[in-house]
Structures are given as structure tokens and as C-alpha cells.
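S.K.: Need coordinates for the following:
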Amino acid sequence: MTMNATGGEATFADLGLRSELLEVLSALGYEEPTPIQREAIPPLVQGSDLLGQAATGTGKTAAFALPVLQRMPPPGGGAGPATLVLVPTRELAIQVSEAFHRYGRILGTRVLPIYGGAPIGRQLQALKRGVDVVVATPGRALDHIGRGTLDLEDLRTVVLDEADEMLDMGFADDIEEILAATPEDRQTVLFSATLPPRIDGIARRHLNDPVRIEMGHAAAEGREATPLVEQSAYLVARAHKPAALGRLLDVEAPAAAIVFCRTRDEVDQLTETMNGRGHRAEALHGGMEQEQRDRVMSRLRAGTADLLIATDVAARGLDIEQLTHVVNYNVPSAPEAYVHRIGRVGRAGREGAALTLVEPREHRMLKAIERVTKQRIQVERLPTVADLQARRMELTRAALEECLIQEDLEPFHAVVESLTDEFDLMEVALAAVKLVHESSGAVLDEQEIPEVAPRTADKRRGGREAPDSERYTRAPAGGMVRLFFSLGRSAGVRPQDLVGAIAGESSLSGRDIGAIEIADRFSLVEVPQAAADEVIAALRRSTIKGRRPTVRRERDTRGRRT
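M.R.: Predicted coordinates:
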């Protein structure tokens with residue numbers, strides 16, 4: 001682990017980054033580098049090649065983006081880009097481009113995402129004006145190289161992000177062709193969640209004496225999650241995470257809880273959101289003075305606040321007796337961080353619960369945590385509106401029961417007697433319960449939170465074929481429609497070829513694609529019904545295995561389209 005001169009863990013300032021980048025990171029609320037950033041940034045700043053094993057959620061985008069910006073020549077220094085980042089999907093191209101723009105805006109860095117489904121004319125204009133960083137899907141990058149519109153002569157760095165997924169999607173030949181068109185003296189960076197032999201093969205052929213970094217496989221230094229902590233996780237899309245957190249807190253009704261976030265900005269925004277939902281939330285992060293922190297802790301211990309939203313740095317060493325729940329708003333960047341976080345509860349024989357909100361792309365990191373802690377983290381279904389209503393009704397009943405047992409109700413006897421002269425006693429009781437229920441804030445305009453699937457290859461998602469026994473013995477999944485492709489096994493088509501073509505040319509990502517069936521002369525692919533026409537239009541302009549397929553909605557046995 002990288003250490004600073006005082007023997008502590010390295011800060012961003014210790015990693016050799018220029019002052020402008022440190023200023024940006026401070027403004028964005030990043031307090032300390034994640035493990036992958038601590039290990040990767042120094043060698044990349046020095047210009048070394050790097051082979052890194054790291055899953056989504058570990059902070060790897062900043063781990064390569066910051067050194068790239070550190071070494072970036074002044075804007076306008078060459079005819080072509082200085083950096084090319086290859087990613088498997090349109091979705092990731094946008095995310096990585098946004099990260100480069102956030103970190104590099106102060107330096108005047110020009111960033112361009114290139115992917116299928118976007119107007120190529122706009123991309124051509126931007127390339128002609130000049131860009132410093134291109135973030136591209138392999139197919140569209142190769143298209144521009146073939147047109148002569150993507151000049152790689154001045155390229156200094158190539159990054160392969162989520163390389164294993166690019167190979168799974170059938171981009172191996174495209175990657176080899178792109179790398180062959182780049183200068184031999186370039187710096188090459190390869191990140192992958194797994195390191196199968198094919199990744200090692202690419203590293204041997206194209207990386208020069210690379211620094212190797214592996215995250216998520218070291219033992220947790222003897223520290224194990226206490227069995228008194230009940231651990232569970234919930235799959236939720238990023239856009240719905242604030243609502244999911246509110247729903248879980250409403251259902252769990254913790255005596256006191258701490259929610260861990262990655263950055264100060266995220267802490268501040270989430271604190272405001274949770275207070276807007278009626279929680280008594282307090283923020284705690286490194287941007288606060290010690291006096292402010294002390295006031296926050298006093299309110300939490302006094303019971304005037306019941307929800308602490310904090311970064312890891314601010315929450316170190318906390319021991320709050322009434323704490324019953326720990327919530328990971330993001331999957332922690334390292335298994336060791338997870339063990340540290342959930343150790344805030346379950347102390348001194350007290351029971352506690354650890355809840356983790358998992359975005360589909362973070363599912364691999366959750367599995368890495370399970371391997372290191374040697375404990376199963378149960379993936380649960382998010383509570384529905386009906387679950388929430390039932391829980392609130394249960395709390396209302398409990399409040400009434402406590403009142404019946406402990407309170408002196410005699411002063412209200414005359415009110416009930418007068419009402420029963422006109423109304424049935426049961427109706428009076430129902431009206432009283434309704435008032436109690438509504439006065440507790442229980443009636444809210446709640447909406448269902450959409451379910452999402454993990455971005456893994458074992459649930460007929462992300463490009464793997466369903467077992468023969470499960471293929472199309474049923475109708476398409478709800479909201480899905482089957483598309484017919486005029487290419488099949490005889491043309492050498494594999495599931496990853498179809499997923500790669502769809503994800504590369506349309507707005508869909510691999511996890512949006514459903515079951516795939518490949519016959520000898522055709523293939524059937526499930527896609528969301530709302531995106532079917534977009535996929536059909538996009539695929540008409542592309543090729544699969546060098547051939548342009550016919551793509552249309554599947555027709556049933558009577559010739560009707562599904």
C-alpha cells in the first residue's frame with residue numbers, strides 16, 4: 001500500500017499530481033484516494049504501462065484519468081488526440097467522458113465520446129477541430145480510423161477499460177486492429193475485472209513491462225465481519241438510489257443509522273434529500289471544522305438526530321452506542337473498507353444490520369467482498385409501496401397498543417361516549433386509527449422503484465446464451481420484444497457478437513438485452529419494446545461478422561409481428 005512521509009496512507013497530494021488537479025479534486029469533495037488510485041496513479045504518472053484488475057466501483061476511472069491529464073501536452077499540440085480510451089458500451093463511454101471533462105476542465109482539456117447511435121457528423125466536426133482525449137467503443141473507433149478521421153499519429157496513451165467485457169462482446173479483433181494502428185512508444189493501460197488467459201495474451205503482446213495491480217484478492221488482514229451484523233444488499237439503478245435509501249429507512253425504522261458516501265458533495269446532497277423526506281439527518285465529512293463535527297455528534301448521541309451521512313474519513317473511530325444500522329450508499333471501493341464500515345455496529349454484543357445499495361455494474365465488487373470476508377451478503381428485493389404501507393400500519397398499531405397499556409385514557413371517555421350516540425363504536429375506532437396513522441406522516445405519495453438485474457453473465461443477460469431447455473418455451477419477458485437477425489451459427493455469430501453490435505450502435509447497454517437464441521441461419525434477441533425500433537434502425541447501418549444483417553421484429557407462426 002502506498003504510504004506518505006509520515007507513515008500514513010497516501011493522500012492525493014502525495015501521489016505527484018499537479019496543483020490544478022488537486023484543486024479540482026478538493027472542489028469535487030474527494031477526500032482521499034481509493035486503494036486502486038493509490039497504487040495506480042504513481043506509476044502511471046511516471047509513464048509506466050499498467051495491467052490492473054479492478055471492478056466497477058473501485059475508482060478506476062480516476063485512477064487512469066488523473067495521470068492521463070497530468071501528462072497531457074498543452075491543448076492544440078498535435079493533429080490528433082493524445083489519449084484514446086476504449087470502452088465496451090455507449091453508457092460507459094459517456095461516463096468516462098464526463099469524468100475526464102470534470103477533472104480536466106481547469107486544464108482546458110478537450111474530450112470527445114465516440115459511440116454508435118450518435119450523429120457521426122457531430123463527431124467528424126469535433127475531430128476536425130481537434131480533441132485531446134477520445135473515449136470510444138471499438139467498433140466506432142475503427143470506423144473513424146478507416147475513414148481517416150481519427151488520427152492516431154500523436155497518440156501518447158491508450159487505455160483499455162473493462163477489457164474482459166470488450167472481449168466477451170466480440171471486440172477482440174477490433175482491439176488488435178486499433179492497437180496495431182497506434183505508435184509503438186505509447187503508454188498502454190489495461191483495466192479488467194477479471195484476468196483470463198485472453199487478457200494476459202493482450203498484455204504480453206501490447207504492454208511493455210507493465211506494473212501489475214490486483215484489487216479485491218488480499219485477505220482482510222485478519223479482520224472478519226462480526227456475525228452479529230446481518231448483511232444484505234439491494235440492486236437499484238443510480239437514479240433511484242435516494243428513493244431506495246428512503247424506502248429502506250422507512251421500513252427498517254432504525255434507532256440510529258450511518259450512511260457512507262464516497263465524496264463530500266454526495267454527503268451534502270444526500271443529507272438535504274433525506275431531510276426533505278422527513279428524516280433528522282446530519283452531514284459529517286472532512287470539509288467541516290472540528291467544532292461542527294462535535295456538534296453533529298452531540299446531536300446524534302442526544303437523539304435529536306437519527307441519521308448520520310458521512311465519508312469514510314470523517315467516520316473513522318466512531319463508536320455510537322445507539323447505532324443499529326450501517327448503510328453503504330455505494331459499494332465500498334475495497335473489501336477492507338466494507339469490513340471497517342460494518343464494524344460500526346454489532347459491537348459489545350449488540351446486534352446490527354448492514355445494508356448496501358448496489359448498482360448493476362457494481363455487482364462484481366459485491367462478489368469480491370464476499371470472497372474476502374468469507375460471508376454471504378444476501379441480495380434482497382427492495383420493499384414495495386405495499387411493504388411500506390404494511391410497515392407503517394404496523395408502527396401505528398404498535399403506537400396504539402403502547403398507548404392502551406401505559407396511558408390514562410379516562411379524560412377521553414366522554415368524547416367516545418358522545419360519538420357512539422351517533423356512530424357505531426367500530427367506526428369511531430377506525431376514524432381514530434386513521435387520524436393517528438396520518439398524523440405520523442404515514443401518507444406519502446410513493447411510487448414503485450423499478451427492479452434491475454445485475455450486470456453479470458449468468459442470468460441470460462449481458463450476452464450469454466440461455467440453456468437449451470429454457471429457450472423460448474415462454475413469451476418474452478414483460479416489456480421485451482424479440483428481434484429477428486438474418487445471421488446465425490453458420491455465419492459464425494455468437495451471443496457476444498449480437499450484444500456488441502446492439503450496445504455499440506444503439507443506446508442500450510449489455511444489461512438491457514434479454515435472452516438470445518442462435519439457430520443455424522438466424523438469431524432471436526430480446527430487447528426492451530420501447531427501444532426496438534431504434535435498434536432496428538441502428539443495426540441496418542452496421543455489420544456483424546463482416547455481413548450486414550436483416551433485422552426486424554420476430555413474426556409468430558401466423559406471420560404476425562410480436
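S.K.: Quick check: phi and psi on residue 257?
M.R.: Backbone torsions for residue 257, taken as degrees, to the nearest 10, come to phi -140, psi 150.
S.K.: ok, what's across the strand from the nearest residue to it once chain neighbours are set aside?
M.R.: The spatial neighbour of residue 257 that comes closest, neighbours along the chain excluded (C-beta to C-beta, 6 or more residues apart in numbering), is residue 325 at 3.9 Å. C-beta: built from backbone N, CA, C; applies to glycine. Here residue 325 sits in beta bridges with residue 257, residue 353, as judged by DSSP bridges.
S.K.: Residue 325 contacts residue 252, doesn't it?
M.R.: Yes. Using C-beta atoms under 8 Å as the test, residue 325 is close enough to residue 252 to be in contact (6.1 Å).
S.K.: quick one: common contacting residues for those two?
M.R.: When contacts are counted by C-beta atoms under 8 Å, 6 or more residues apart in numbering, the set common to residue 325 and residue 252 consists of 353, 355.
S.K.: Neighbour count for those two, which is higher?
M.R.: It is residue 325, of residue 325 and residue 252, that has more neighbours when counted by other C-beta atoms under 10 Å, with 23 against 15.
S.K.: wait, what's in contact with the more buried one?
M.R.: With contacts defined as C-beta under 8 Å, 6+ apart, residue 325 is in contact with 252, 254, 256, 257, 258, 345, 352, 353, 354, 355.
S.K.: Pull out the buried residues from these.
M.R.: Burial of the contacts of residue 325 was assessed by neighbour count (16 or more other C-beta atoms under 10 Å); the buried members are 254, 256, 257, 258, 345, 352, 353, 354, 355.
S.K.: so which one among these has the lowest pLDDT?
M.R.: When those are compared on pLDDT, residue 345 comes out lowest, with 78.
S.K.: Now do the SS call for that residue.
M.R.: Assigned with DSSP: H, G, I helix; E, B strand; the rest coil, residue 345 falls in the coil class.
S.K.: Leaving aside the residues adjacent along the chain, what's closest to residue 168?
M.R.: residue 496 (5.1 Å).
S.K.: Is it correct that residue 82 is in contact with residue 153?
M.R.: No. Proximity of residue 82 to residue 153 does not meet the contact threshold set by C-beta under 8 Å, at 10.8 Å.
S.K.: who has more neighbours, those two?
M.R.: Set side by side, residue 82 and residue 153 give different neighbour counts by other C-beta under 10 Å, the larger being at residue 82 (21 against 10).
S.K.: quick one, phi/psi of that one?
M.R.: Taking degrees, to the nearest 10 as the convention, residue 82 sits at phi -90, psi -20.
S.K.: Residue 113 versus that one, what's the distance?
M.R.: Residue 82 sits at a distance of 16 Å from residue 113 (criterion: C-beta to C-beta, to the nearest Å).
S.K.: likewise residue 142?
M.R.: Taking C-beta to C-beta as the measure, residue 142 falls 16 Å from residue 113.
S.K.: Any chance of a markdown table for the contacts of residue 325, columns distance to residue 421?
M.R.: As requested, the contacts of residue 325 are exported to a markdown table (distance: C-beta to C-beta, whole Å):
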| residue | distance to residue 421 |
| --- | --- |
| 252 | 43 |
| 254 | 44 |
| 256 | 46 |
| 257 | 47 |
| 258 | 53 |
| 345 | 53 |
| 352 | 51 |
| 353 | 49 |
| 354 | 54 |
| 355 | 50 |
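S.K.: Might you list the low-confidence residue ranges for this protein?
M.R.: 1-9, 55-57, 75-79, 216-228, 314-319, 346-350, 440-446, 453-478, 555-562 (pLDDT under 70).
S.K.: Map the structural domains onto the sequence of it.
M.R.: According to the domain assignment given by automatic domain parsing, the chain is divided into the following structural domains: 12-214, 229-383, 386-439, 468-553.
S.K.: Between the ones you listed, which one is closest to residue 447.
M.R.: domain 229-383 (7.7 Å; C-beta to C-beta).
S.K.: before we move on, the earlier item: turn the buried ones among the contacts of residue 325 into JSON lines, columns for distance to residue 124.
M.R.: Converted to JSON lines, the buried ones among the contacts of residue 325 look like this (distance: C-beta to C-beta, whole Å):
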{"residue": "254", "distance to residue 124": "54"}
{"residue": "256", "distance to residue 124": "56"}
{"residue": "257", "distance to residue 124": "51"}
{"residue": "258", "distance to residue 124": "50"}
{"residue": "345", "distance to residue 124": "55"}
{"residue": "352", "distance to residue 124": "57"}
{"residue": "353", "distance to residue 124": "54"}
{"residue": "354", "distance to residue 124": "50"}
{"residue": "355", "distance to residue 124": "47"}
